[in-house]
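Visitor: Quick one: sequence and predicted model below, then my questions.
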Amino acid sequence: MLFQIAWRNIWRNKARSLVVISSIIIGVWAGIFILSFSWGLYKNNINESVYKQLSHIQIHHPNFEEEKDAKFTILNTDAIVKQFQSDDRIASVSSRVISIGMITSPTTASGVKIYGINPATEVTQIALNESVREGAYFDSGKDNEILIGEKLAKKLKIKLKSKVVLTFTNVNSEIISGAFRVGAIYRSKNISLDEVNVYVQKEHLRKLLGLKPSESNEIAILVKDEAQLDNIKNYSKTVVSKAKVEDWKELSPELSMIIESFNLYTYIISGIILLALTFGIVNTMLMAVLERIRELGMLMAIGLNKRKIFIMIMLETFYLTVIGAPIGLLVGWLTVAILGKTGINISMFSEGLASYGFSSMIYPVLDQEKYVIIATMCLITAIVSAMYPAYKALQLNPSEAIRKI
């Protein structure tokens, strides 16, 4: 009986009920959109960091990350790389020689991190060739070719075919200089790294540093299925037992923190939106109660106890939420599904985003778990919102309420 009465009550004033339902729909949709956009932005940054910079796993000499000295190497890297390449779980693997030094142009100088790479393997490893904006990706065949970032090129005031000098220390702590010619200029989605990372031929840098042919400073591994990451990491420790093996979460703790804290963001963002929605529902239901004082007084007078009055008011709010929330969830899901394929182009902010490693093309995405969290919070909001109006209804005196004009 109470269920029927509550259902009819919410449609006695259709305009007001539809406004409440619409506000719930918009609130739920807004929460889903903001969360999906935020996660799409962060996921893009994570993917960019993993697939264009870090790889899933990196292996170094235990002292290399602390000292940043090229003399701390991994031995027999060619054999190690071949062993990893034979593993079907691994998509790509490459070895690198790394040194910290200075790059000097005719006008100025700048500190850089020098990567000695095998150009062919880095195509599948971090797709470095896709970032080239001017020139060609190591196609001259010359040992002294260098690939530099667009921002660094502007800072040094150089262009294609310009001559630069790299200065660094070799394994014997002697200062070494080498002349290089700019073969290509690249631009990634992280401008801050473009200013410090330069790439040269691995064998040429290895000779300048005085390393043996099979020595490298870093082995980078890209896996096919990230679910296998821990297994491959443990396997890597057995292959290179005396080295330090780290996955991308350890290499970049800030990215790991983003993932761990996103659930908290879900509650905060949804909570703020639903808190604003709560005031609207409370106001509407309170108006509905005050407009029906005589009616509620009459119901009490003929024997409808306060518990049933309370339940009736709660049911009215619950019905409004049950109607609005699923529609909001559906609209939100459709929005994410569509924009997740087409993307949102925010290229007008591309320069600022690139400074922090974000892409200007965002693809919203949201896990199913987050939809459940939002739906649950909506129901909690409905219950909380109905309590005050229902409480006010319980304070009515039947004899006074009946005479109310």
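Guide: Cool, the structure landed. Numbers count the residues shown, from 1 in each chain.
Visitor: Tell me the buried residues in stretch 298-314?
Guide: Going by neighbour count (16 or more other Cβ atoms under 10 Å), the buried part of stretch 298-314 is 299, 300, 304, 309, 310, 311, 312, 313, 314. Quick note: C-beta positions are derived from backbone N, CA and C, even for glycine.
Visitor: ignore the last one, stretch 218-234
Guide: Within stretch 218-234, the residues scored as buried using 16+ other Cβ under 10 Å are 218, 219, 220, 221, 222, 223, 229, 232, 233.
Visitor: Is it possible to get CSV of these that adds secondary structure, pLDDT and distance to residue 9?
Guide: As requested, the buried residues of stretch 218-234 are exported to CSV (DSSP: H, G, I helix; E, B strand; the rest coil; pLDDT from 0 to 100; distance: Cβ to Cβ, whole Å):
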residue, secondary structure, pLDDT, distance to residue 9
218, strand, 95, 69
219, strand, 95, 70
220, strand, 95, 65
221, strand, 95, 64
222, strand, 94, 61
223, strand, 94, 58
229, helix, 93, 55
232, helix, 94, 61
233, helix, 94, 60
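Visitor: and the closest residue to residue 176 other than its chain neighbours, how far is that from residue 205?
Guide: Setting aside the residues directly before and after it, residue 176 is nearest to residue 170 in space (Cβ to Cβ, 6 or more residues apart in numbering), at 4.9 Å. For residue 170, the distance to residue 205 equals 10 Å [Cβ to Cβ, to the nearest Å].
Visitor: Neighbour count for these two, which is higher?
Guide: The residue with more neighbours, out of residue 170 and residue 205, is residue 205; 25 against 16, by other Cβ atoms under 10 Å.
Visitor: how about the strand or helix carrying that one: buried residues?
Guide: Assigned by DSSP states H and E, residue 205 belongs to helix 202-209. Across helix 202-209, burial judged by 16+ other Cβ under 10 Å covers 202, 204, 205, 206, 207, 208, 209.
Visitor: Beta-bridge partners for residue 345, please?
Guide: Per DSSP bridges, the residues bridged to residue 345 are residue 361.
Visitor: That one contacts residue 360, doesn't it?
Guide: Yes - between residue 345 and residue 360 there is a contact under Cβ atoms under 8 Å: 6.6 Å.
Visitor: The two - which one has more neighbours?
Guide: Neighbour comparison, residue 345 and residue 360: the larger count goes to residue 360, with 18 against 10 (by other Cβ under 10 Å).
Visitor: which phi and psi does the residue nearest to residue 176 have?
Guide: Residue 170 adopts backbone torsions of phi -90, psi -170, taken as degrees, to the nearest 10.
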